[in-house]
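Undergrad: curious how this folds, go ahead:
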Amino acid sequence: MHFFDSLISETEKLITPFSKREYAKDISWHDAGQPQVIMRRDTAVELDGVGFNLITSAEIPDGIVVVGDELKEIKKDRKFARVAIVKIDKIDDEQKEYNLIKKIEYVKYHCFPDNCMMRSTSRSHREAVRVSKQALIDGADFCKIGSLLIEKYKEIPAVKAVKMIFITAESMDYHAIEKIAEKNYTITETLNHVINNLVLDCNTCNLKEICDQVEGIKELHFNKAVAYHEG
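TA: The predicted model follows:
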C-alpha cells in the first residue's frame, strides 16, 4: 500500500519546523465503552479540527508525537489535528485493501476515551473533542489517549504499527492539513471507483486528476480493465 505515502511525506514536512514530544506507546487511557456527553460547564478544553488515517506498508514504529502543547498546557479552546499513520500487511487483492482502509476508518467510532467526548464525520474528516476537567485531574494526556487509540487500531489483525500525531501548535498551517485530509478522502474514493467501475474513457471521469497525480492508481485501473476483458 503506497497510494498515501506522498500524503505522509506532506504531513511530515508540515510538522518538521515545530518542536515535538515523542512518546513510546505506554499505559493507555481508560475506554468508557460507549459515547459520552460532556456538558460545557464540565469541559476543560475543546479541540476542533480534523482527524484522519494515512495507510502505508512502509516500516514505522508504534509511537505518539505531540506537535505543540500537551492537554494540561492548553488553557483555551483551539484548533487541532489528529493524524494516524497506520502500517498494514501487504495485500495482493485490491478489494480487500479497500475494505481494510474502510475498516480502519471505523475505529474512531468505536473508541471512547473516558471523560472525553469525540465527534467526527467520515466524509469531511472533521473531528471535535471535548476533554473534561475530571480527565485532566485524573492525568489524561495525549500519550495515554494515543496509546488507547493504537490498541484499538491493532485489534485489526492486518494492522502492524501505528504512529499517532496530535497537532495543537497555534501557528500550524491547519488549512494545509485540511487539504491533506481532503486528498486522503479523494484517493480512497478513487480507489473504490477504480475497483468497482470499469469505465475506460479517463477523459470523462471526474477523478482523472487524482489518477494522474497518485502513483499506481492509473496502473491499477488499467490492470483491472485488462483482467476484465481477458476474463
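Undergrad: how about the strands in the chain?
TA: 20-23, 43-56, 63-67, 78-88, 116-120, 126-132, 159-167 (DSSP state E).
Undergrad: tabulate those (a markdown table), appending mean neighbour count.
TA: Bear in mind the C-beta positions are built from the backbone N, C-alpha and C, glycine included. As requested, the strands of the chain are arranged in a markdown table below (neighbours: other C-beta atoms under 10 Å):
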| stretch | mean neighbour count |
| --- | --- |
| strand 20-23 | 14 |
| strand 43-56 | 21 |
| strand 63-67 | 22 |
| strand 78-88 | 23 |
| strand 116-120 | 18 |
| strand 126-132 | 20 |
| strand 159-167 | 22 |
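Undergrad: quick one: these as JSON lines, columns for mean pLDDT and distance to Asp5 too.
TA: Output for these, formatted as JSON lines (pLDDT from 0 to 100; distance: least, C-beta to C-beta, whole Å):
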{"stretch": "strand 20-23", "mean pLDDT": "96", "distance to Asp5": "21"}
{"stretch": "strand 43-56", "mean pLDDT": "96", "distance to Asp5": "6"}
{"stretch": "strand 63-67", "mean pLDDT": "98", "distance to Asp5": "18"}
{"stretch": "strand 78-88", "mean pLDDT": "97", "distance to Asp5": "10"}
{"stretch": "strand 116-120", "mean pLDDT": "92", "distance to Asp5": "24"}
{"stretch": "strand 126-132", "mean pLDDT": "95", "distance to Asp5": "23"}
{"stretch": "strand 159-167", "mean pLDDT": "98", "distance to Asp5": "13"}
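Undergrad: quick one, which of those strands gets closest to Ile177.
TA: strand 78-88 (4.7 Å; C-beta to C-beta).
Undergrad: please consider this matter closed, and thank you.
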